[in-house]
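>>> Pasting the sequence and the predicted coordinates here, then a few questions.
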Amino acid sequence: MANSSSEHVPLLNTSAQAHRAEILETPLQTYLLGIIISICGNVLISISLNIQKYAHVRQAQRGSKPYYTSVMWWCGVTLMGVGELGNFAAYGFAPASLIAPLGCVSVIASAIISVVFLKETVRPSDIVGGTLAITGTYLLVTFAPHTSTHITAHLVQYYAVSWHFLLYLFIEVLAFCILLYLYKRRNVKHIVIVMLLVALLASLTVISVKAVSGMITESIKGQLQLIYPIFYVMLVIMVASCAFQIKFLNQAMKMFDATEVVPINFVFFTASAIVAGIVFYQEFEGLALLNIFMFLFGCLLSFLGVFLIARNRPKIKQQDRNFIAMDRIPGRRHTDKVQPEAKPTTYGSLAAKLMCNRAGQADDS
């Protein structure tokens, strides 16, 4: 019995060491590839957003067809799909705690493109915010954990049943239920409540996206991972969490201004992604205290930069809805416009008679 137990202990130690060796393998080329793919994907996303914005402006000026009939708008949507696909692939090469904060690259590039091509005004806050965001990005890339985990089905299963992840999942589900109760039952429509719901879903999205992307990457390399059930479990979690995340994000965009939603969503999403990477994939294991401090400082600079860039962005000038274009009415050949009262205080036939009487009195005087 003693011999069998002593043989069992080295077997467990060997399994743990195998997982640890798999985690601590650090090919620099793979790490840099993930960073480059993520940056290129975020730049494509910013280009696509500005193309869609330009298509909306042009269709609003013409006022003829819906925006989804524009070829330019569909080009923007296609570019966004390619950019998101690049971000998806980047999770398979670099830590999730690094890929998520690199989303600030999209905000920086979008601000530059809107100034150069859409002729928006450069504000001092844009320059300060861009500088802070670029500095934060440099610190993130420099001091992030330089580990490239080979995500296999067995490793995902090993992480999924660990006690710290199960505790994290329990706390997250409990917090989500409380926030959902406040949002739906108590009708608490605060922006922090909605964005926290999005962030809690985003943490599951990041975990599942990295798992699916990593297993697909390993399958392409020759180690087939698609035959394991955990791959399809993570795929379902990824699709479901993305769908509900988009739902709550759209509700937030309807209730609140984009200048509030964009920075808060970036901060909450990045924080949840970093925590998910630390808890599930143990990405900060063995990282020096100085690296952790400088990494978090880089995140703080990126948060401040995004907030300054997104704060009080100029809105698209649209045609005043109080003007009615007469040439749009069938049977009319007039090109002039009728402008009703901006703040009408009286309505109806009696009010019209009173207005006529006032006009007559003014003429007599």
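Okay, I see it.

>>> Can you mark which positions in the helix or strand containing Ile230 are buried?
Per DSSP states H and E, Ile230 falls inside helix 229-255. Neighbour counts over helix 229-255 (16 or more other C-beta atoms under 10 Å) mark 230-231, 233-235, 237-238, 241-242, 244-245, 248-249, 252 as buried. Yep, even glycine has a C-beta here, placed from its N, CA and C like the rest.

>>> Tell me the first helix or strand C-terminal of it.
Counting by DSSP H and E, what follows helix 229-255 is helix 258-280.

>>> That following helix vs helix 229-255, what angle?
160 degrees (axes from the mean of the first three to the mean of the last three C-alpha atoms, to 10 degrees).

>>> what mean pLDDT does helix 258-280 have?
Mean per-residue pLDDT for helix 258-280: 91.

>>> Packing partners of that helix?
Counting contacts by 3 or more C-beta pairs under 8 Å, 6 or more residues apart in numbering; DSSP states H and E, helix 258-280 is packed against helix 96-99, helix 104-116, helix 163-184, helix 191-221, helix 229-255, helix 289-310.

>>> how far out from the middle of the chain is the second one?
Just to be clear, that refers to helix 104-116. A distance of 15 Å separates the centroid of the chain from that of helix 104-116, by C-alpha atoms, centre = their mean, to the nearest Å.

>>> Now do the helix or strand following it: everything it contacts.
Following helix 104-116 in sequence order, the next helix or strand is helix 124-143 (DSSP H and E). Residues outside helix 124-143 that contact it (C-beta atoms under 8 Å, 6 or more residues apart in numbering): 35, 98, 101-102, 104-105, 107-108, 111-112, 115, 290-292, 294-295, 297-309, 311-312.

>>> where does the stretch 201-350 of the chain have low pLDDT?
Applying pLDDT under 70 to the stretch 201-350 of the chain picks out residues 313-350.

>>> so how many other residues sit close to the nearest residue to Asn291 once chain neighbours are set aside?
The shortest distance from Asn291 to any non-neighbouring residue, by C-beta to C-beta, 6 or more residues apart in numbering, is to Phe143 (4.5 Å). Neighbours of Phe143 under the rule other C-beta atoms under 10 Å: 20.

>>> gap between Phe143 and Cys299?
Distance from Phe143 to Cys299, counting by C-beta to C-beta, to the nearest Å: 10 Å.

>>> Ala89 reaches Ile37, doesn't it?
Yes: assessed by C-beta atoms under 8 Å, Ala89 is found in contact with Ile37 at 5.6 Å.

>>> Which one of these two is surrounded by more residues?
Neighbour count, other C-beta under 10 Å: between Ala89 and Ile37, Ile37 has more, with 21 against 17.

>>> can you pull the pLDDT of Ser64?
65.

>>> Which helix runs longest in this protein?
In the chain, taking DSSP state H as the definition, the longest helix is helix 28-62.

>>> Buried residues in that one, which are they?
Buried-residue list, helix 28-62, by 16+ other C-beta under 10 Å: 31, 33-35, 37-56, 59.

>>> circling back: out of the buried residues of helix 229-255, the closest to Thr78 would be?
Top of the list for closeness to Thr78, among the buried residues of helix 229-255 and by C-beta to C-beta, is Cys242 at 18.7 Å.

>>> Go ahead and confirm that closest one touches Ala202.
No: using C-beta under 8 Å, Cys242 makes no contact with Ala202, being 9.1 Å away.

>>> Give me the common contacts of those two.
With C-beta under 8 Å, 6+ apart, Cys242 and Ala202 have no common neighbours.

>>> Report the contact partners of Ser114.
Counting by C-beta under 8 Å, 6+ apart, Ser114 touches Asn50, Lys53, Glu120.

>>> Distance check, it against Thr78.
Noted for Ser114: a distance of 20 Å to Thr78, by C-beta to C-beta.

>>> Provide the backbone phi and psi angles at His146.
Per-residue torsions, His146: phi -90, psi 60 (degrees, to the nearest 10).

>>> That one reaches Tyr31, doesn't it?
Yes: His146 is in contact with Tyr31 according to C-beta under 8 Å; the separation is 5.7 Å.

>>> who are the neighbours in contact with the residue nearest to Asn265 when sequence neighbours are not counted?
Using C-beta to C-beta, 6+ apart and skipping residues adjacent in sequence, the residue nearest Asn265 is Met195, 5.7 Å away. Counting by C-beta under 8 Å, 6+ apart, Met195 touches Ala252, Val261, Ile264, Asn265, Phe268.
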